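In: coordinates only, sequence not included:
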């Protein structure tokens, strides 16, 4: 017969085991969540390094600009008809620079960026005063035709909701050869670790000051730490284009890059930045 003391000890052991199981599960969930946040929106654009799914930095054979962009939590959605047109004739330029372009914009003026895509025009009001280095870089790159004919290589449909563009390689591995300083991380729009729909922000490695040319457009409120320079806001008509792209869903993750490409054929035919 089990004594009261033995029963008490047995119950105490069972309670302890349940607590340990709950703590283990909580740690596992935290690791998964942190892994997702650390791996999303990563891009390295200087030197011969690349950020891979493991989160480790590895050398990338003879690539001047490299990065990998993976989102483990981004699930593919069902295949839908392609809502976009065929890309305009032309090819991506292979351009690279050793350092950030000299400041050439008027930081007191208003600038807008137009992405003429196969799915429709996406107009973006740029935050010139708050993110001058970033806006100056986009003005420079657009003027060089850097973004023309490039694919938007990644659409995330789970956890965070963004369309990522700006890589001439279309793989998440490309960049302009230089990095930009983080800017505007205390923007009033970034409340409660949330990037609201319509935000345009820089991708990076998760490390400070590692933005390059890759950027993401948020089509639905997305929980992210305020670590990605917000430098623009999509117009109402541009949001309709983003919603159309998102509605078409994403492909299964590429086994090499981990990217979940949009089902829609999203190509930037022409990018222009205009002072107004």
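Out: Cool, got the structure. Every value quoted in this text rests on a predicted model; they were computed, and no experiment measured them.
In: where in the chain is pLDDT low?
Out: 1-21, 23-79 (pLDDT under 70).
In: quick one, longest strand in it?
Out: strand 267-275 (DSSP state E).
In: now for that one, which elements pack on it?
Out: The contact analysis (3 or more CB pairs under 8 Å, 6 or more residues apart in numbering; DSSP states H and E) places strand 267-275 against strand 111-117, helix 132-143, strand 150-151. Where C-beta positions appear, they are placed from N, C-alpha and C, glycine not excepted.
In: give me the buried positions along stretch 228-242.
Out: The neighbour-count check on stretch 228-242 (16 or more other CB atoms under 10 Å) flags 228, 229, 230, 231, 232, 233, 234, 235, 238, 239, 241, 242 as buried.
In: sorry, wrong one. I was asking about stretch 268-276.
Out: Neighbour-count burial for stretch 268-276 [16+ other CB under 10 Å]: 268, 269, 270, 271, 273.
In: same question, stretch 244-260
Out: Here stretch 244-260 shows 244, 245, 246, 248, 249, 250, 253, 257, 258, 259, 260 as buried, counting by 16+ other CB under 10 Å.
In: tell me the one of the residues you listed nearest residue 155?
Out: Among the buried residues of stretch 244-260, residue 250 lies closest to residue 155 (CB to CB), at 4.4 Å.
In: that closest one and residue 152 touch, don't they?
Out: No - using CB atoms under 8 Å, residue 250 makes no contact with residue 152, being 11.2 Å away.
In: any shared contact partners between those two?
Out: residue 262 (CB atoms under 8 Å, 6 or more residues apart in numbering).
In: just the endpoints, please. Distance across stretch 167-181?
Out: End-to-end distance of stretch 167-181 (CA to CA, to the nearest Å): 18 Å.
In: where do the strands of the stretch 151-276 of the chain begin and end?
Out: 154-155, 162-165, 194-195, 199-202, 215-218, 222-223, 230-234, 267-275 (DSSP state E, counting those that start in this stretch).
In: looking at the ones you listed, which is closest to residue 183?
Out: Here strand 230-234 is closest among those (CB to CB), at 7.1 Å.
In: name the residues that touch the closest one?
Out: Outside strand 230-234, the residues within contact range by CB under 8 Å, 6+ apart are 113, 122-127, 130-131, 134-135, 138, 183-185, 187, 189-190, 195, 198-202, 215, 217, 242.
In: do the same with stretch 94-104
Out: Applying CB under 8 Å, 6+ apart, the contact partners of stretch 94-104 are 64-65, 132-133, 136-137, 139-140, 144, 146, 168, 176-180.
In: next, count neighbours for the nearest residue to residue 107 once chain neighbours are set aside.
Out: Once flanking residues are discounted, residue 107 sits nearest to residue 132: 4.7 Å by CB to CB, 6 or more residues apart in numbering. Neighbour count for residue 132, taken as other CB atoms under 10 Å: 19.
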